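[1] Sharing a model that was predicted from the sequence below.
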Amino acid sequence: MVFAAPNQALARAEEVLGSDPLPLHASIAHQVIGIWQRDWGDLRIALEHLRRARDLAARAESADREADVLAALGVALVHAGRTREGLDALERGVAIGSGHTRARVLFRRAFASWVLGRHREALEDVRRAIPVLRQADDVIWTARALTLRATVHLALGAVERADADFTAAEALWDTTGQDHDKADVVESRGLAAFRSGNVPVALRLLDEAEERYAKLGTPSFMLYIRRCEVLMAAGLVPEALAEADAAIGVLDRIGGQSTRKAELLLAAARAARLAGDPHTAIARAALAVRLFAAQRRPWWETHARLVLIEARVMAGRGSGRLVADAAQVAERLASFGAPAAPEASLLAGRIALGLGWTADAERHLAVAARSRHSGPPLARMTGWAAQALRARAAGSGRGVLEACRHGLDVLDDHRMTLGAAELRARATAQGAELAAMAQQASLDSGPRRLLVWSERWRATALSTPPTRPPADPTLLGDLTAFRVIAARAEEARMEGRPVPALDREQRRLEREIRSRTLHIRGDAPGYGSRFDPARLLERLGDGIRLVELAVLDGRVQVLLCGQGRVRRFEAGLLADAVTEAEHVQAGLRRLAHPGAEARLPLVAEAGRRLEELLLGPAAAQLGSGPVVVVPPGRLHRVPWALLPSLRERVLSVSPSASGWLRARETEPPPGGRQVLVRGPGLATEGAEVPELADRYGGSTVLEDDDARVPRVLEELDGAALAHIAAHGTFRADSPLFSSLRMADGPLIVHDFERLDRSPYRIILSCCDTARFASVGADELLGLVTALLPLGTAGVVACTAPVNDAAVVPLMLALHKGLDAGLSLAEALRDARAALPGDATHQATGWAFSAFGAA
């Protein structure tokens, strides 16, 4: 009963102990309380009850009862880090138990072996237990044994065997009322989905398991550990670190299992390393190593040593000693049959290369490279990374490019199983090293080859639309509730009232929406057509120049495309450009308010410095025609119209050259519908909208109560032109909750993803609508980048805070140009020129950019 209805079982056991029971019955009751405390409470209390249960079983002179208690006690002692005592208790339980009871004890010993990382011993005990349990028609314990065997298979990388055992176990669980055991299988299925490379299904199953545990009131620390692993693989590293730290805090508070604490410390160390925090990673990994060693868990200790070495290398502590340590870790992992062995060999080879030890490096990298042809996607990527490093060490540029191509193809296949744009974007981080190696190797092969590799891993999340969310009533309900709560919270804040309860509910709904969105599985076939420089040059013709900025070893490389050729120019350091762009943003923010006119020359001068850093000698080679700028993710906030050579040009910005080509070739929808939206609370009350309604006679105007999210989405779907005058909010912490304020609350990126086709052209006449979060390798998440894969060919949006009143004449002039048949970029150039010459209007013109090619 303790794994069917845990809290009821606990209450019943306490009732039994209060009724002066016989020693045999008291032994069972103490064992139930001990198991409950062992798995969900205080381990010290668990040990007290289990020892009492053992003593009472001995008094009852029941060898099988004593053997069963010894098994539960042995597992508890292992969880407490007292491995020798625990194994001794289990050994005695096996010795004195008989038949059916002995098989149950063997299962517990197998479980303890799994916790200790002794997988072969675990499999042997389960092999001996299952036939006896089946012969006794013991459905529950047979299902537990199959579930454990499947979990051990997963640890050894045998996913198909695991899947077969999970299927058999689930068939048995369906005939029982063991709700906690059923939740455990759902959790384990999530791990199996992850090991198979199916991250969305893994997240969905882990969330389902958490809901089941919550209903039972029993936290599962293994669930936290497994979810950390999946979140890290999905690129959601901060979430993984927060989850591990929170779980460690809960364990410390309740006095829980030290085995799980060590595993959570290992997960936290991995997350800190991936987050670029080597010192935190070193501290957590070192503590995990000490705990695992004290617990006599060599399998786990070796994995923790791998992370510790990785963190020390990241901190700049590469040495010959670390080469030997990494090689030793690789050998031990291989002897355990652990899937992480190639990762350790790759690490040893990488450190050896850094020291110039080419022979040692080749030996370790060759071992790591064997994993490139089999196993889950990330393991194969490890193999291809090792192969690329081998080729680079051998001076084979062609070999480097070939290995990088194969590795990125593997990751592409993996990314396309992810339906959510956020997961696809973040997953690219795992290919960043391969992409950088390929770019470096192609540097000597001519600018056209460098352009191909610069495009290969740039804004890939925009190359195909995210999978459209299903008509999920729960998701739709959460979106509606989020909108209502967010609107109430905003209203309260404007009135100066504290809103902690509303803020908590808004954060809860955000977590629910994000969680359900991450569950969506990708359905895109392949990953689109390969980038073709010849096709780009043909589209550019003689008049248009496309400037793609690549970054190699921290320096900006300018790839100037046009007139049938690609030329390369070297510009400044990326770090200097980012710093200068931040100064420009601060200047534009000041110029949005009256009284800052004296800053205009300073901002203009900063624009000149930015041009030197970002374009260098290429600025003099732009010709006189339109220019398309393709910047890397870290430069997304540059107001490109501020650069002197671009101020009076037809100028557009695109996340990638491939994206510009797609936008250029996107056909406008039939009918030419125009939609004008005016949200609440604007300082100018959206003063341009009534005039635009007069200009576009048959347009749909949504304002006041008509400007509600469901109606706005309905009208935006498939429109030729949309103009939205509404307050914009950028969420750096969660970019897909960036929003535009409508009458009934925020219109967020997740809402736009429900459109069949977003508007062909869309104009966002408010602050901060062109702000993005840079994630993954070189990906951007925000309002504009959410629209581009959904059918939008062109967007006008703002990269900085602006003066609301100064926006109105800019927007009216912009639409005048559009009505005359100009493109967005042409109309924006003319609109800037038509503005008054004062500082506020000039800064407003610089702050807006045209994205895409419409």
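    Structure's in. What do you need? In this text the structure is predicted, and so the values were computed from the model without any measurement.
[2] can you give me the offset of the helix or strand hosting Q8 from its chain's centre?
    Under the criterion of DSSP states H and E, Q8 resides in helix 6-17. The chain centre lies 42 Å from the centre of helix 6-17; the measure is C-alpha atoms, centre = their mean, to the nearest Å.
[3] ok, residues contacting it?
    Residues from elsewhere that reach helix 6-17 (C-beta atoms under 8 Å, 6 or more residues apart in numbering): 1-2, 25-26, 28-30, 32-33, 36, 40, 180, 216-218. In short, each C-beta sits where N, CA and C put it, glycine included.
[4] What subset of these is buried?
    Those of these that meet the buried threshold are 2, 25-26, 28-30, 32-33, 36, 40, 180, 216, 218, by 16 or more other C-beta atoms under 10 Å.
[5] got the residues you listed as a markdown table, with secondary structure, distance to A171 and pLDDT columns?
    Output for the buried ones among the contacts of helix 6-17, formatted as a markdown table (DSSP: H, G, I helix; E, B strand; the rest coil; distance: C-beta to C-beta, whole Å; pLDDT from 0 to 100):
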| residue | secondary structure | distance to A171 | pLDDT |
| --- | --- | --- | --- |
| V2 | coil | 23 | 88 |
| H25 | helix | 34 | 96 |
| A26 | helix | 36 | 96 |
| I28 | helix | 29 | 96 |
| A29 | helix | 32 | 96 |
| H30 | helix | 34 | 96 |
| V32 | helix | 27 | 97 |
| I33 | helix | 32 | 96 |
| W36 | helix | 28 | 93 |
| W40 | helix | 27 | 86 |
| H180 | helix | 18 | 87 |
| L216 | helix | 22 | 86 |
| T218 | coil | 24 | 81 |
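[6] who's in contact with the residue lying closest to L790 once chain neighbours are set aside?
    Of all residues not flanking L790 in the chain, S758 sits nearest, at 4.0 Å (C-beta to C-beta, 6 or more residues apart in numbering). Residues near S758 by C-beta under 8 Å, 6+ apart: 716-717, 752, 787, 790-792.
[7] What about those, which one has the most neighbours?
    Within those, most neighbours by other C-beta atoms under 10 Å means L787, with 27 neighbours.
[8] any idea how far S823 is from that residue?
    17 Å (C-beta to C-beta, to the nearest Å).
[9] likewise E243?
    Distance of E243 to S823, given as C-beta to C-beta: 47 Å.
[10] what's the answer for L643, then?
    Distance of L643 to S823, computed by C-beta to C-beta: 20 Å.
[11] The two: who's more crowded?
    A direct count of neighbours by other C-beta under 10 Å for L643 and S823 places L643 higher, at 23 against 20.
[12] Spatially nearest residue to the more buried one (excluding sequence neighbours)?
    E611 (4.3 Å).
[13] Any chance you could list what contacts whichever strand or helix holds the one you found?
    If you go by DSSP H and E, E611 is part of helix 600-614. With C-beta under 8 Å, 6+ apart as the test, helix 600-614 has contacts from 549, 556, 558, 571-573, 576-577, 580-581, 583-584, 587-588, 591, 619, 631, 635, 638-639, 642-647, 839, 842-843, 846.
[14] can you list the weak-confidence ranges in the stretch 51-200 of the chain?
    Within the stretch 51-200 of the chain, no range satisfies pLDDT under 70.
[15] residue boundaries of the helices in it?
    Using DSSP state H, counting those that start in this stretch, the helices of the stretch 51-200 of the chain run over 63-79, 83-96, 99-116, 119-135, 139-155, 159-173, 179-195, 199-216.
[16] Adding distance to E301, write the ones you listed out as a markdown table.
    Below are those laid out as a markdown table (distance: least, C-beta to C-beta, whole Å):
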| stretch | distance to E301 |
| --- | --- |
| helix 63-79 | 15 |
| helix 83-96 | 12 |
| helix 99-116 | 10 |
| helix 119-135 | 14 |
| helix 139-155 | 15 |
| helix 159-173 | 24 |
| helix 179-195 | 21 |
| helix 199-216 | 26 |
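[17] These: which one's closest to V237?
    Among the helices of the stretch 51-200 of the chain, helix 199-216 comes nearest to V237, with 13.9 Å by C-beta to C-beta.
[18] Next up, the contacts around the closest residue to W384 other than its chain neighbours.
    What sits nearest to W384 in space, not counting adjacent residues and going by C-beta to C-beta, 6+ apart, is G407, at 3.1 Å. G407 makes contact with 372, 380-381, 384-385, 387-388, 431, 434 under the criterion C-beta under 8 Å, 6+ apart.
[19] These in helices, which ones?
    Using DSSP state H, the members of the contacts of G407 that fall in helices are 380-381, 384-385, 387-388, 434.
[20] Closest one of those to R149?
    R380 (26.1 Å).
[21] How about that closest one, nearest residue that isn't a chain neighbour?
    V410 (4.9 Å).
[22] quick one: that neighbour from E691, how far?
    With C-beta to C-beta as the criterion, V410 and E691 are 54 Å apart.
[23] ok, these two, which is more surrounded?
    V410 (23 against 12).
[24] Quick one: distance of stretch 118-136 to the chain centre.
    The answer for stretch 118-136 is 38 Å, by C-alpha atoms, centre = their mean.
[25] For the ones in helices among the contacts of G407, name the two members farthest from one another.
    Maximum distance among the ones in helices among the contacts of G407 (C-beta to C-beta): 12.7 Å, for R380 and A388.
[26] In terms of neighbours, single out the busier of those two.
    Taking other C-beta under 10 Å, R380 and A388 do not tie; A388 has more neighbours (28 against 23).
[27] which residues touch the more buried one?
    399-400, 403-404, 407, 434, 437-438.
[28] Same check on R84?
    R296.
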